[in-house]
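K.L.:
Fold the following, please.
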Amino acid sequence: MKLRIDHLFEHPEHRRLVATWIYDEFWRDRAGTSVEGFEARLRQAGDPHRIPLSLLALLDGEPAGTVNLIESDSPRHPHLHPWLAALFVCPAHRRQGVGGALFRALVWNAKRLGFTEVFLGTDVPGFYAALGAELHEQVTDTMSIMRFRTADALPVPAVPVRL
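P.N.:
A predicted model of the protein is given here:
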């Protein structure tokens, strides 16, 4: 299988699908959210030179996962930015390296944009720790804020960068 990671704006035909993934996986039970709302947010990720960024993993040309770089994902921690948000891999493609590739591509893009670190909130810190992220704050028994220093990011040639 051939994995490619592109900016989502290069594949607008998949924007609705990605919005549905994000809504179903992370927001379905929260009032005031909708697939349409997430689709509108994803439309804002149309410039590879600034955040928000939205990346799409394609396996043999078919959508397999997504990840986003946003200014902030925590109202309680507005001083921490930027944030990795909504890393999602389709269940059929999990444990095949797609999530790690999306993480590396996102961190590389953050470094390219001049950021020295990226933050994220997670209930699976072991996944990110295995990729080099470190615990920044234990928020609750089940929620951690992780940090990754972009100096440790390696170039990701599979991610097209249009300069």
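K.L.:
Strand partners (parallel or antiparallel) of the biggest strand by length in the chain?
P.N.:
In the chain, assigned by DSSP state E, the strand with the most residues is strand 62-70. Under the criterion DSSP bridges, strand 62-70 sits next to strand 53-59 (antiparallel), strand 83-89 (antiparallel) in its sheet.
K.L.:
Tell me where this structure is predicted with low confidence.
P.N.:
Of all residues in the chain, those with pLDDT under 70 make up the ranges 154-163.
K.L.:
Nearest the geometric middle of it, what residue?
P.N.:
Closest to where the C-alpha atoms of the chain average out (C-alpha atoms, centre = their mean) is residue 67, at 2.3 Å.
K.L.:
Could you pull out the helices in this protein for me?
P.N.:
Secondary structure of the chain (DSSP state H): helices at 15-22, 35-43, 98-112, 125-130.
K.L.:
Tell me which of those sits most buried.
P.N.:
Compared across the helices of the chain, helix 98-112 shows the largest average neighbour count, a mean of 22 (mean count of other C-beta atoms under 10 Å). (C-beta placed from N, C-alpha, C; glycine too.)
K.L.:
Name the residues that touch that helix?
P.N.:
With contact meaning C-beta atoms under 8 Å, 6 or more residues apart in numbering, helix 98-112 is reached by 3, 5, 48, 53, 55, 57, 59, 64-69, 82, 84, 87, 89, 118, 127-128, 131, 148, 150-151, 153-156, 158-159, 161.
K.L.:
And the residues you listed, which of them are buried?
P.N.:
Buried members of the contacts of helix 98-112, scored by 16 or more other C-beta atoms under 10 Å, are 3, 5, 48, 53, 55, 57, 59, 64-69, 82, 84, 87, 89, 118, 128, 148, 150, 153, 156, 159.
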